[in-house]
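**Student:** model the structure of this input:
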Amino acid sequence: MRNLTCILILFVSIGPPLAAQQDLQKQINQSRKNLDGLKSEIRNYELRLATEAVKEKTELEHLNDVDQRIGLMQRLLGELENSRDLTEINIAVLRRQLAKTEEELSDLQKQTGARLNQIYRTRDEDPLTYIFTADSWTQAYARVKYLRHIGQQDKIDIQTLRKKHEKITRQKRAIEAELLQLSRLLTQKREEKRNLDIQLKRRQESLSKIRRDKRLLASLLEEKRDDLETLSQLIVTLERKKREMEEIERQKKLAAQASNQPYKQPKYFTESNFASYKGRLPYPVAGRIIKKFGDQVHPVLGTKTRNPGVEIEAGTNRSVQTVAKGQIAHVAWLRRMGNTVLIDHGKGYYTVYAHLAEIYVSVGQIVNAGDTIALLDQNDEGKYVLHFEIYQNQSVQDPQRWLD
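**Tutor:** Residues are numbered from 1 along each chain as shown. Sure, this is the predicted structure:
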């Protein structure tokens, strides 16, 4: 969100260079692709729910269904927000281009009008008289060239004026199309928000029943442990894929050297020197730690669980920021952790941000320290709490030792 605002200011103030325009269009296309993907995911999920409607489910299974739908809808809302911001930037760019084209057209019309006015005032003068009254053949030749040049320039200016008019028409149509897209996005966002509010109400009803049932509460904790195991396995998988890609690139490099063909080094994101930030990382959300890293005893069940991260309760600001430069490695919904973002910082370091609502980033996107990636979701107690983890070489770290 903050990045998009900065881009908007830059585009409006100095105008978009070609590379920036192409990058903006690429972001818009990617956002629309993400929207289509999320809509398809929601449709498939609802279809699966419909086929399972006849199956008798426990209260916990019902809660999981509602939670997953909420997670998908929140991701859709985040992508809609992102797409809306990109569309607004594109409209600003198109309007600036339109204003520039209209200004060029106005200047050209004034110049052409002045010349035509001059021709009108001297319309009774015979051009041949102008040529034959020259003092010499050299002057006569110069006058012939001058008249020919004026005629050619008038022809060019008329063609240019026609092209400018066509360009303005195209730009106005582009603006109208973007405004229509924006209107559709806003309508869809409002509709999804209404649907989300209904689902959240159902979720609260399910949670109230579960809190009164210790057996279901224990199952809830077990699912949370499963989520944490899923995260650990995910990081193992991501690291393995990275090693496989590195080996593929190494083999390509060797093959290119053997065939005397130049090898083009693949472009990776510049890794942050994450290890040097220990004890100096900024908080990912403005707030205070309410649950520390390590073993925790449940107040109702008395069972012991291990917290692989910290819980940070936010104040009024729900924005979640990255703590260091990296690349979005994974965006997923987990049963008890909700929407979760995993960032790869290179050299075996990862950060995890969970309990998110609207998410503003996509897999593969490069982010810098302080970039806003999401908004926090509301927990069972109506508070906004971020679950934050740090991994080093697949080993979980105590985030408090890293945070400033």
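**Student:** for the longest helix seen in the chain, packing partners?
**Tutor:** Counting by DSSP state H, the longest helix found in the chain is helix 137-211. Identification of packing neighbours for helix 137-211 by 3 or more C-beta pairs under 8 Å, 6 or more residues apart in numbering; DSSP states H and E yields helix 59-121, helix 127-132, helix 214-258. Placement of C-beta: from N, CA and C, glycine included.
**Student:** report how many residues lie close to the closest residue to L186 other than its chain neighbours.
**Tutor:** Residue nearest to L186 in three dimensions, not counting chain neighbours: R84, with 6.7 Å by C-beta to C-beta, 6 or more residues apart in numbering. R84 sits with 18 neighbouring residues when counted by other C-beta atoms under 10 Å.
**Student:** ditto for the one 10 residues further on
**Tutor:** Residues lying near L94 (other C-beta under 10 Å) number 21.
**Student:** pLDDT value on it, please?
**Tutor:** L94 carries a pLDDT value of 78.
**Student:** how is the protein carved up into domains?
**Tutor:** According to automatic domain parsing, the chain comprises the domains 1-212, 220-404.
**Student:** ok now the longest helix of the chain, how far from the chain's centre?
**Tutor:** Relative to its chain's centre, helix 137-211 lies at 21 Å (C-alpha atoms, centre = their mean, to the nearest Å).
**Student:** let me know the angle separating it from helix 59-121.
**Tutor:** Relative orientation of helix 137-211 versus helix 59-121 (axes from the mean of the first three to the mean of the last three C-alpha atoms, to 10 degrees): 160 degrees.
**Student:** now name the helix or strand holding the residue lying closest to K325 once chain neighbours are set aside.
**Tutor:** Spatially, and ignoring its direct neighbours in sequence, K325 is nearest to S272 (3.8 Å; C-beta to C-beta, 6+ apart). Under DSSP states H and E, no helix or strand contains S272.
**Student:** distance of S272 relative to Q251?
**Tutor:** Distance of S272 to Q251, given as C-beta to C-beta, to the nearest Å: 28 Å.
**Student:** now Q111. Nearest residue, chain neighbours left out?
**Tutor:** Here the residue nearest Q111, using C-beta to C-beta, 6+ apart, is D157, at 7.1 Å.
**Student:** surely that neighbour and Q109 touch.
**Tutor:** No: if you go by C-beta atoms under 8 Å, D157 and Q109 don't touch, sitting 9.2 Å apart.
**Student:** so which of the two has more stuff around it?
**Tutor:** D157 (16 against 13).
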